[in-house]
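**Student:** Below are the sequence and a predicted model for it; my questions follow.
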Amino acid sequence: MQATRTVVVTAVLVTVSACLPIPHRSDVSPLLRGQVIDARTQSPVKDAKIRLYNPRGELLAEERSDAQGRFEVKPVREWEYFVIITGDRVLSGDVTILHPDYGAATRRYFLSGSDLYRPGGPQEDLGRIQLKR
């Protein structure tokens with residue numbers, strides 16, 4: 001009787017503790033890198049705006065490309081209060097690149113599974129993004 005009671009109490013505590021609010025910071029987006037180039041000349045595009053949006057279309061971050069057209073958008077982290085125990089976590093969203101002399105370009109990123117647990121945290125190289133005049 002005592003052993004059964006101990007097992008039941010332990011099972012309830014483990015189950016309930018997974019649902020308790022536990023404040024922690026969680027990645028909302030990965031570290032994103034890339035280079036913006038002119039589609040015709042293949043030369044770097046300086047001062048392009050790189051805007052990061054979550055799947056709901058909310059702006060998370062904005063950066064600019066440097067003189068070599070390179071950019072890096074740091075990971076965005078938010079406070080969460082619950083820990084999701086089941087299911088696979090996913091980081092996804094859109095990156096829009098804007099420059100007044102070019103048309104806009106959009107890239108989508110999607111990371112899940114082992115991509116989320118790389119040394120240094122989740123990251124994605126968007127490569128060379130060509131802008132057309």
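**Tutor:** Sure, I can see it. Since this is a predicted model, take the numbers as computed values, not measurements.

**Student:** and the most centrally placed residue in the chain, what is it in contact with?
**Tutor:** Centroid check for the chain by CA atoms, centre = their mean gives residue 29 as the closest residue, at 1.5 Å. When contacts are counted by CB atoms under 8 Å, 6 or more residues apart in numbering, residue 29 touches 52, 54, 60, 61, 73, 75, 76, 91, 93. Heads up, the C-betas are built off the backbone N, CA and C, glycines and all.

**Student:** What are the buried residues along stretch 66-78?
**Tutor:** 69, 71, 73, 75, 76 (16 or more other CB atoms under 10 Å).

**Student:** typed the wrong thing, it's stretch 56-64
**Tutor:** For stretch 56-64, burial by neighbour count (16+ other CB under 10 Å) applies to 61, 63.

**Student:** Nearest to residue 109 among the buried residues of stretch 66-78?
**Tutor:** Distance to residue 109 across the buried residues of stretch 66-78 (CB to CB) is lowest for residue 73, with 10.3 Å.

**Student:** Beta-bridge partners for the closest one, please?
**Tutor:** residue 32 (DSSP bridges).

**Student:** tell me the pLDDT at it?
**Tutor:** You'll see residue 73 listed with a pLDDT of 97.

**Student:** Is it correct that it is in contact with residue 95?
**Tutor:** Yes - counting by CB atoms under 8 Å, residue 73 touches residue 95, with 7.5 Å between them.

**Student:** now, which of the contacts of residue 29 sits nearest residue 124?
**Tutor:** For those, the nearest to residue 124 is residue 91 (8.5 Å; CB to CB).

**Student:** picking up where we left off before, next, show the common contact partners of residue 73 and residue 95.
**Tutor:** In terms of CB under 8 Å, 6+ apart, residue 73 and residue 95 are both contacted by the residues 32, 50, 52.

**Student:** Quick check: bridge partners of the second one?
**Tutor:** Applying DSSP bridges to residue 50 yields these beta-bridge partners: residue 63, residue 97.

**Student:** okay, now it: neighbour count?
**Tutor:** Using other CB atoms under 10 Å as the criterion, residue 50 is surrounded by 22 other residues.
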